[in-house]
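K.L.:
Provided below for reference: sequence and predicted model.
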Amino acid sequence: MIEDETKKLVIITAPSGSGKTTIVNHLLRELPQLAFSVSACTRKPRAGEQDGVNYHFITLEDFTRRIAHHEFAEFEMVYEGKYYGTLKSELELIWNNQQTPMVDIDVQGALRLKKHYGKQTLSIFIQAPSIEALEQRLRARGSETEQSLKERLDKATEELSFSDQFDHIVVNDQLEQACQQAKAIIADFLTD
Ligand code: ADP
Ligand code: 5GP
């Protein structure tokens, strides 16, 4: 549990390709109280991704050392051999700046944070209208190989079965509508 009840945490979770990043970027522009919690990960940056902005891109050795030093609020091997984790230091930095961290993490990591931080969290599951739409979006994004695409689609099917464990589900069919819906839910939570 967070001892200081003013420390809130917004958790956005969804299968890869559902539009999480697009919606998160919209929310960051619209709600200045929110700050993105930059995760650490061991995968390689995609074209256009910046170290320290999208992720802290670190080596497996560095990640393992940080696990041993208890530096993560949660971490997961999200894909085979690829680790992702929320750094406690990242959350603290944002709270110390009088803002609310927003994390964009996988379903298992989200459940872990929700359990650990309890009532001070708001969790939103972003869902694409169908698995077919998800596949189309991932293909259109052009970021995946056939192998990583298959991995993401397999994982998505599993992750969808956890959707009802989160506070809200936002279906991202029409982007504009999904952004408005997520914004209203978070604005309400922040003023509570
Ligand atoms: P995630 O962060 O969940 O992996 P992205 O935000 O990268 O997903 O979105 C995946 C792709 O789908 C991107 O190319 C994005 O522009 C596109 N996209 C997002 N929302 C929609 C939507 N409502 N309709 C169609 N395409 C979308
Ligand atoms: P991608 O490789 O497409 O950026 O992200 C893959 C998945 O890892 C996404 O579902 C994303 O939400 C998740 N992810 C990103 N950062 C973290 C994190 O810090 N912890 C966990 N558990 N998952 C994360």
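P.N.:
That came in fine, so what should we check first? Ligands and ions are numbered 1, 2, ... in the order given.

K.L.:
now Met77: which helix or strand?
P.N.:
Using DSSP states H and E, the element containing Met77 is strand 72-79.

K.L.:
same question but for Pro101, I mixed them up
P.N.:
Counting by DSSP H and E, Pro101 is part of strand 100-105.

K.L.:
re the thing from before, next, the buried residues of the strand holding Met77.
P.N.:
In terms of neighbour count (16 or more other CB atoms under 10 Å), strand 72-79 has its buried residues at Phe72, Ala73, Glu74, Phe75, Glu76, Val78, Tyr79. Backbone N, C-alpha and C define where each C-beta goes, glycine included.

K.L.:
quick one: that strand to chain centroid distance?
P.N.:
11 Å (CA atoms, centre = their mean, to the nearest Å).

K.L.:
what lines up beside that strand in the sheet?
P.N.:
Counting by DSSP bridges, the strands paired with strand 72-79 are strand 82-87 (antiparallel).

K.L.:
show me the shaky parts of the protein.
P.N.:
1-5 (pLDDT under 70).

K.L.:
what about whichever residue of it sits closest to ligand 2, distance to Tyr83?
P.N.:
Here the chain gets closest to ligand 2 at one residue, Gly109, 2.3 Å apart by CB to the nearest ligand atom. For Gly109, the distance to Tyr83 equals 11 Å [CB to CB, to the nearest Å].

K.L.:
OK, contacts around the spatially most central residue of the chain?
P.N.:
Among the residues of the chain, the one closest to the centroid is Asp104, at 1.2 Å (CA atoms, centre = their mean). The contact partners of Asp104, by CB atoms under 8 Å, 6 or more residues apart in numbering, come to Ile12, Thr13, Lys20, Thr21, Val24, Phe36, Ser39.

K.L.:
filter the residues you listed down to the ones in strands?
P.N.:
Ile12, Thr13, Phe36, Ser39 (DSSP state E).

K.L.:
out of those residues, which is nearest to Asp164?
P.N.:
Taking CB to CB as the measure, Asp164 lies nearest Thr13 of the ones in strands among the contacts of Asp104, at 12.6 Å.

K.L.:
so that closest one touches Ala110, yeah?
P.N.:
Yes: the pair Thr13 and Ala110 passes the contact test of CB atoms under 8 Å, sitting 3.8 Å apart.

K.L.:
now do the shared contacts for those two.
P.N.:
Ser123, Phe166.

K.L.:
in stretch 173-183, what counts as buried?
P.N.:
By neighbour count on 16+ other CB under 10 Å, the buried set for stretch 173-183 is Ala178, Cys179, Gln181, Ala182.

K.L.:
got it, and stretch 24-35?
P.N.:
Buried residues in stretch 24-35, defined by neighbour count with 16+ other CB under 10 Å: Val24, His26, Leu27, Leu31, Leu34, Ala35.
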